[in-house]
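Q: My questions are about this predicted structure, shown below with the sequence.
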Amino acid sequence: MEENVHHRLRAARKALKLNQEEFGRRVGLAQTALSMIELGNNPITNRNLKLICMTFNINEQWLRAGKGEMFKASPHLEELCDILANLAPDTQEYLLLMARELLNVQKKMFGKIDTEDTS
């Protein structure tokens, strides 16, 4: 595994706007263990690397070797856009309202704080 994986891990965590405690909690790592990995003092295991990528939709090739984009594109984005484009304007508005509510529920469940306003 490339040496700079710890720098990329920290960059990904910061891009997600999560502190070490919250990030670690979501993948089963103590804050101190994550800190040691990010500092390069402890190596990241393959198991933890894969779990981090799956949990946060991080591109594994990017995390391992710096190749490609930081995050994988959502496999559902194109389908959602197609569905939205074929809905009546009133239904589009309702779907957008429901999506905002789902986002709020997700934030409450996972404690993720997003500084962008969704209204």
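A: Yep, that arrived.

Q: In contact with the residue nearest to the spatial centre of the chain: list those residues for me.
A: By CA atoms, centre = their mean, the chain has its centre lying nearest to residue 56, at 3.1 Å. Applying CB atoms under 8 Å, 6 or more residues apart in numbering to residue 56 gives the contacts 12, 16, 26, 71. C-beta: built from backbone N, CA, C; applies to glycine.

Q: Of those, which is the most crowded?
A: Using other CB atoms under 10 Å as the neighbour test, the contacts of residue 56 are led by residue 12, with 21 neighbours.

Q: and the helix or strand containing that residue, what does it pack onto?
A: Here residue 12, judged by DSSP states H and E, is contained in helix 5-15. Packing partners of helix 5-15 (3 or more CB pairs under 8 Å, 6 or more residues apart in numbering; DSSP states H and E): helix 31-38, helix 46-56, helix 60-65.

Q: Select the helix or strand of this structure having the lowest average pLDDT value.
A: helix 77-85 (a mean of 88; mean pLDDT, DSSP states H and E).

Q: Point out the other helices and strands that the helix or strand just after that helix packs with.
A: Next helix or strand after helix 77-85 toward the C-terminus (DSSP H and E): helix 89-110. Using 3+ CB pairs under 8 Å, 6+ apart as the contact test, no helix or strand touches helix 89-110.

Q: that older thread, between the helices and strands packed on helix 5-15, which gets nearest to residue 81?
A: Across the helices and strands packed on helix 5-15, residue 81 has its closest neighbour in helix 46-56 (22.5 Å, CB to CB).

Q: Where does the record place the domain boundaries for this structure?
A: Domain ranges of the chain: 5-65, 77-110, per automatic domain parsing.

Q: Provide a list of residues in contact with residue 27.
A: Contacts of residue 27 (CB under 8 Å, 6+ apart): 48, 51-52, 55.

Q: biggest separation within those, which pair?
A: Across the contacts of residue 27, no pair lies farther apart than 48 and 55, at 10.2 Å, counting by CB to CB.

Q: about what we covered before: can you tell me which of the domains of the chain the model trusts least?
A: Looking at the domains of the chain, the lowest mean pLDDT belongs to domain 77-110 (a mean of 90).

Q: Done for today, thanks.
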